[in-house]
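Please work out how this folds:
(one chain, ligands or ions: 1)
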Amino acid sequence: MTDATPGTETAERPMIRLDRLAKRYPGQAQAAVEELSLDIPEGRIVAFVGPSGCGKTTTMKLINRLIEPTSGRIHLDGQDVTELPVHELRRRIGYAIQSSGLFPHRTVADNIATVPRLLGWPRQRVTERVDELLTMVGLAPATYRDRYPKQLSGGQQQRVGVARALGGDPQVMLMDEPFGAIDPQNREALQDEFLRIQRTVRKTIVFVTHDIDEACRMGDLIAVFGENGKVRQYDTPERILAEPADEFVAAFIGSGAAVRRLSLTRLDALDVPEWPTVDADADPERRLAVARAQDREYCLLLDADRRPAGWLPTEEADTEPPSHFPVFSTLGPHSTLFDALDLMLSADTSTVVAVDDEGRYRGVLEMDTVRELINGERTAAGHGRLQEA
Ligand SMILES: Nc1ncnc2c1ncn2[C@@H]1O[C@H](COP(=O)(O)OP(=O)(O)OP(=O)(O)O)[C@@H](O)[C@H]1O
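As a prediction, the model looks like this:
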């Protein structure tokens, strides 16, 4: 990443490049989008967030030429989109919108088959593609293939909308508030499912939302839009939450930035601090010596596989068998700091033992560690999502 100024280029290969893009609708005094320059890297989800009317949807429609720019250029994979035939552009760019946009009088299968049929795929291949996509979005083909959109719940319609947008295997997906009409609980499930699909398909995705939480969850990068399609900050969710570029961005994030950062930080991205440990199978004198050599009231007893076996009171470290309290609070690598804090508060404990996928000891998180991370006194060792891929 370069700095956090508007119109940022990224170090990664851009799939979409917006170059001083502008759109002024006829008869409007203000431009809807003014001089917007932005690189959207290949295989990433870029979330556009910003208040209503700031030009997010207009920018999306410019990208797939549903509307034409007043000035500026758009490059798709290095090619000027105005030089591409519109049908070619539609094949390369899938579009999913809030209302799901399904054709009401066509079955689910016919809806999903729209682009493959336009592309002239053989019937058998279209049928296979429809079933593959339905399975991918978690809808059993035999049950849902022949239904009409009104016979589906809102969430199921959204899934079909996503499947349809993926139909022709586009390089790019434009998603305009695709989960906007879904209640919060189902929305979270759909977001998770979509991220799971994205780990496999690795599309370049522009995702419009007005919800900063959704942007943080979904985006590898977030572009915060201000007035007239001006990007006020373009950066990772972590950086936007930690270092908002200006007061506009800070106000848009609103309160609760610290808690949002907690839920973005996974334990496997942290250097979890060490805690004194004692091997359960060491002899009593050795246990006592190790326990006394440190200044904690309790040591963590580890079994032969280095799994936490109990909290051992330092002064009783030589009892046989070792007397200990059970370890209730352990969290795996995919848990977040938010989960750690939640556990500390709900289990009324100030320590959480971090373990790896096999349940082996990694370290111990204390309330103070969490506080230092929130305050920036300590930084996450951090392989963020960008570096991870
Ligand atoms: N067809 C149009 N004709 C004239 N003005 C338009 C047209 N479409 C959008 N606008 C104006 O352009 C500006 C940007 O609209 P746009 O829909 O891109 O915003 P948005 O950020 O997507 O908003 P929202 O979050 O409410 O969907 C707004 O002021 C809007 O009123």
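
what's the burial count for Thr82?
12 (other CB atoms under 10 Å). C-beta: built from backbone N, CA, C; applies to glycine.

do the same with Arg239
17.

count of residues packed around Ala250?
14.

What strand or helix carries it?
helix 247-253 (DSSP states H and E).

name the helices or strands packed onto that helix?
For helix 247-253, the packing partners by 3 or more CB pairs under 8 Å, 6 or more residues apart in numbering; DSSP states H and E come out as strand 221-225, strand 231-235, helix 237-242.

Please save the CA atoms from that helix in CSV.
In CSV, the C-alpha atoms belonging to helix 247-253 read as follows (Å, rounded to 0.1, in the frame of the first residue of the first chain):
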residue,chain,number,x,y,z
GLU,A,247,-12.4,14.4,10.4
PHE,A,248,-14.9,13.3,7.7
VAL,A,249,-13.6,9.8,7.8
ALA,A,250,-13.4,9.8,11.6
ALA,A,251,-17.0,11.0,11.8
PHE,A,252,-18.1,8.4,9.3
ILE,A,253,-16.6,5.6,11.3
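
How far off centre is that helix?
20 Å (CA atoms, centre = their mean, to the nearest Å).

if you average pLDDT over that helix, what comes out?
Helix 247-253 carries an average pLDDT of 89.

quick one: it near the ligand?
No. With CB under 6 Å from any ligand atom as the criterion, the ligand is not reached by helix 247-253; the gap is at least 12.5 Å.

what's in contact with that helix?
49-51, 212, 224, 226, 232-233, 240-241, 244, 260 (CB atoms under 8 Å, 6 or more residues apart in numbering).

Of these, which are in range of the ligand?
Near the ligand, judged by CB under 6 Å from any ligand atom, the entries from those are Gly50.

For this structure, which residue occupies the most central location?
Centroid-nearest residue in the chain, with CA atoms, centre = their mean: Met218, separated by 3.0 Å.

Please list the residues of this protein that sit near the ligand.
Close to the ligand, as judged by CB under 6 Å from any ligand atom, the chain has residues 25, 28, 32, 50, 52-58, 210.

Can you flag which of those belong to helices?
Members of these lying in helices (criterion: DSSP state H): 56-58.

Those residues into JSON lines, with extra columns for pLDDT?
Shown next, in JSON lines, are those (pLDDT from 0 to 100):
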{"residue": "Lys56", "pLDDT": "91"}
{"residue": "Thr57", "pLDDT": "90"}
{"residue": "Thr58", "pLDDT": "93"}
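
Now rank the residues you listed by neighbours and give me the top one.
Lys56 (26 neighbours).

quick one: contacts for it?
Neighbours of Lys56 in contact, by CB under 8 Å, 6+ apart: 48-50, 176, 208, 210, 225, 229.
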